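>>> structure, please.
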Amino acid sequence: MAINYYTPKKELEIAENIFKTSIDGLYYIKYKKFLDDRGFFSQILEPERIRQAGINPDFQIKQVNLSVSKSKIARGIHTEGWNKLITVIQGHAFCALSDVRKDSPTYKKVEYFDFIADPNNEWGESLYISKKIGNSVCAVEGPMHYLYGVDMLYHERNKADDLAVSIFDPDLNIKWPFAKEEMIISQRDIDSITLRELYPKN
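You can find the predicted model right below:
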């Protein structure tokens, strides 16, 4: 089944190269890469762009994390109580963002992104992910390097905000690029719960 990946459109642009998505609090960002015969230079994980766009006037990056995944490794669906700015700096990543906030106007909405870190492309791509939006990523081609800056130190976070929802949740029905039996996932993600288990009365 074909996957309907996100495409930025002019009517969704809220600031230069920053676009709304179908999920409340999730934004797609393009950043410029300056190419020459040596490679390229780019500025990534820029909190000032988030503040100037009015998305989060208090956004500051306090910690930068790097996750490296081999091909067919999937991580998620994870939520945390911090806001984050992510970009894929190597490899090919399938990203599925899910609104698992039951009080959100876009609850259960899923948005797909196809991120390829092509050193010859003059544009790179990032996402600003507001706290408690469900984040999942699968390495289509590894090693896949997933870099993200967050506005809270890991040891300062509220662990009660950490949540793992099943990547095979029937209500979200995410269309993964690989068959379930091919994907490599952690024990935590194997043991994760569905939205129906999390919100039995919803």
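
>>> OK, contacts around the residue most central in space within the chain?
For the chain, Asn135 is the residue whose C-alpha lies nearest the centre (C-alpha atoms, centre = their mean; 5.1 Å). The contact partners of Asn135, taken as C-beta atoms under 8 Å, 6 or more residues apart in numbering, are 76-79, 84, 86, 95, 97-98, 129. All C-beta spots, glycine's among them, are computed from the backbone N, C-alpha and C.

>>> repeat that for 7 Å
Asn135 makes contact with 76-78, 97, 129, according to C-beta atoms under 7 Å, 6 or more residues apart in numbering.

>>> residues near the closest residue to Ala160 other than its chain neighbours, how many?
In space, and not counting its chain neighbours, Ala160 is closest to Gly81: 7.8 Å by C-beta to C-beta, 6 or more residues apart in numbering. Gly81 is flanked by 15 other residues according to other C-beta atoms under 10 Å.

>>> might one say that Gly81 is in contact with Tyr154?
No. Counting by C-beta atoms under 7 Å, Tyr154 is not a contact partner of Gly81; they are 11.4 Å apart.

>>> helix or strand: which one has the residue nearest to Ala160?
According to DSSP states H and E, Gly81 maps onto no helix or strand at all.

>>> phi and psi next, for it.
Main-chain dihedrals, Gly81, degrees, to the nearest 10: phi -90, psi 30.

>>> contacts only, for it.
131-132, 157-158, 161.

>>> ditto for Ile3
Ile3 touches 112, 175, counting by C-beta under 7 Å, 6+ apart.

>>> could you check how far the residue of the chain positioned farthest from its centre is from Asn120?
Computed with C-alpha atoms, centre = their mean, the residue of the chain farthest from its C-alpha average is Asp37, at 30.9 Å. Relative to Asn120, Asp37 is positioned 12 Å away (C-beta to C-beta, to the nearest Å).

>>> please apply the same query to His155.
Taken as C-beta to C-beta, the span from His155 to Asn120 is 40 Å.
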